[in-house]
Structures are given as structure tokens and as C-alpha cells.
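**Q** No sequence on hand, only this structure:
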């Protein structure tokens with residue numbers, strides 16, 4: 001039993017390092033919608049809500065949560081903007097070509113990048129669907145909270161718009177992924193010798 005525990009403890013740092021590496025790679029290659037899905041709720045709870053209560057202690061908990069979620073909804077658009085402005089300065093050089101291929105819808109010239117593209121597209125497909133479902137779930141919860149608990153149609157409309165914009169962004173991303181995957185599946189994809 002001790003040997004098993006020692007072996008498990010010896011492998012734990014390698015597993016943790018692998019998780020950190022995968023997380024870092026995800027963050028470097030993720031879209032704005034995917035990062036919004038990951039960061040929106042924690043930023044609302046740990047940043048938006050305390051700041052909201054710091055400046056306006058008269059709000060009820062429901063109104064404070066709705067206001068904090070509204071104050072942190074900027075995460076998605078700002079991440080997308082930052083990715084566009086400084087996207088090429090990231091740490092992941094292979095990811096630059098992959099993101100560029102997805103953004104432009106063209107098959108890359110580099111054979112190594114072209115070989116990695118199907119796995120990248122499959123991962124982006126799964127991550128985009130997961131992000132969309134998570135953001136839509138959070139928006140639905142906030143709309144219901146606004147309508148049922150706070151009796152505030154304004155918040156419901158705003159979070160409904162956030163859901164609609166997120167759905168549109170996800171639809172565009174999924175369409176690009178599907179088109180690029182179809183180009184790769186063609187007998188002679190553009191860019192191949």
C-alpha cells in the first residue's frame with residue numbers, strides 16, 4: 001500500500017504540470033466566447049459582486065448579482081478585441097497559424113500546421129459548443145432571476161441580448177470550422193503541393 005501511495009505522489013507533480021500546460025495552451029488558443037464562458041461567473045462572484053457591494057450596499061442580493069453580472073459582461077468583447085490587437089504576440093507560435101487559418105478560412109501552407117489543423121478544429125468545435133451552452137445557461141439563469149426574483153425586465157432584455165450575441169458569435173465560429181474542415185477533407189485542399 002505504501003508503494004502505491006509513493007508512486008502516486010511521485011506522479012502528482014507531473015500530472016499537475018500537464019494540467020497547467022493544457023490550461024495555458026487552451027487560454028492561448030481559445031476564442032473570446034470560450035474565455036468568457038470560463039471567466040464570466042468567477043469574475044462576477046469574486047470581482048463584480050464585492051465591488052458592487054462596496055459602492056452600493058442598499059441593493060438586495062439579487063440586484064447585486066444582476067448588476068455584478070452586467071458589470072462583468074464586458075469580458076467577452078474585451079478578450080476578443082485584445083486577441084485581435086495583440087494576437088500575434090502570444091506565446092504559442094503554432095497557434096498563430098492555426099488561429100489565422102480559422103479566422104481566414106484558408107488551409108495553411110505549412111505541412112506541420114496543416115497536419116495539426118484537424119485536431120485543432122475538433123477541439124475548437126467542442127470548446128465552442130461547450131462555451132455556448134455555458135453562456136446560454138448563465139444568461140437563462142440571469143433572465144429568470146431578473147424576471148422572477150427582481151421583477152426587472154431591463155436586466156432580462158440585456159441578458160437576452162448577451163445570449164443572442166453569444167449565439168451569433170458561436171454560429172459564425174462553428175460555420176468557419178465546418179467550412180475549413182470541408183476544405184481539408186477535399187481530395188486536393190488548397191495549399192497542398
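**A** Structure received. Predicted model, so just to flag it, every value in this text is computed and none were measured. Numbers count the residues shown, from 1 in each chain.

**Q** what is the mean pLDDT for stretch 167-181?
**A** Mean per-residue pLDDT for stretch 167-181: 91.

**Q** Would you map the helices across the protein?
**A** Assigned by DSSP state H, the helices in the chain fall at 2-29, 32-43, 49-55, 61-71, 75-86, 93-104, 111-144, 153-185.

**Q** tell me how far the third one is from the chain's mean position?
**A** Here helix 49-55 is found 26 Å from its chain centre; the criterion is CA atoms, centre = their mean, to the nearest Å.

**Q** hey, which helix or strand in the chain has the poorest pLDDT?
**A** helix 2-29 (a mean of 61; mean pLDDT, DSSP states H and E).

**Q** how about TSV for the helices of the chain, with mean neighbour count added?
**A** For the C-beta atoms, the positions are set from N, CA and C on the backbone; glycine is no exception. Converted to TSV, the helices of the chain look like this (neighbours: other CB atoms under 10 Å):
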stretch	mean neighbour count
helix 2-29	11
helix 32-43	21
helix 49-55	14
helix 61-71	20
helix 75-86	15
helix 93-104	17
helix 111-144	17
helix 153-185	16
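
**Q** Give me the below-cutoff pLDDT ranges for the protein.
**A** 1-27, 83-94, 187-193 (pLDDT under 70).
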